[in-house]
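Student: no FASTA, just this:
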């Protein structure tokens with residue numbers, strides 16, 4: 001699949017760092033690929049954090065923006081949020 005601008009929402013922050021929420025049926029392996037967020041290059045800044053929710057699996061990851069050339073965005077591999085309940 002591909003990035004969908006309608007699924008990216010800024011939760012907090014400003015030009016010096018923002019927190020974003022993104023939902024997609026895409027697995028984290030697709031979302032963390034360099035270039036996935038290129039269409040959001042004018043919004044995402046280096047060190048912004050994106051909470052990525054895979055609606056297909058479901059899993060949730062934190063990724064941060066590692067680089068943004070103005071046209072090419074690369075995010076980190078992602079840190080999984082453990083979604084287990086032992087009780």
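Tutor: Ah, there it is. Because the structure is predicted, anything quoted here is derived from the model rather than measured.
Student: wait, residue 66 touches residue 74, no?
Tutor: Yes - applying C-beta atoms under 8 Å as the test, residue 66 and residue 74 come out as touching, 5.0 Å apart. The way it works is simple: take the backbone N, C-alpha and C, and place the C-beta from them, glycine included.
Student: which one's more surrounded, those two?
Tutor: Of the pair residue 66 and residue 74, residue 74 is the one with more neighbours under other C-beta atoms under 10 Å, namely 18 against 14.
Student: so that one touches residue 41, yeah?
Tutor: No - between residue 74 and residue 41 there is no contact, the gap being 10.5 Å when judged by C-beta under 8 Å.
Student: what do those two both touch?
Tutor: The contact sets of residue 74 and residue 41 overlap at residue 68 (C-beta atoms under 8 Å, 6 or more residues apart in numbering).
Student: can you tell me the centre-most residue of this protein?
Tutor: The centroid of the chain falls nearest to residue 50 when counting by C-alpha atoms, centre = their mean (3.9 Å).
Student: which residues does that one bridge with?
Tutor: residue 20, residue 63 (DSSP bridges).
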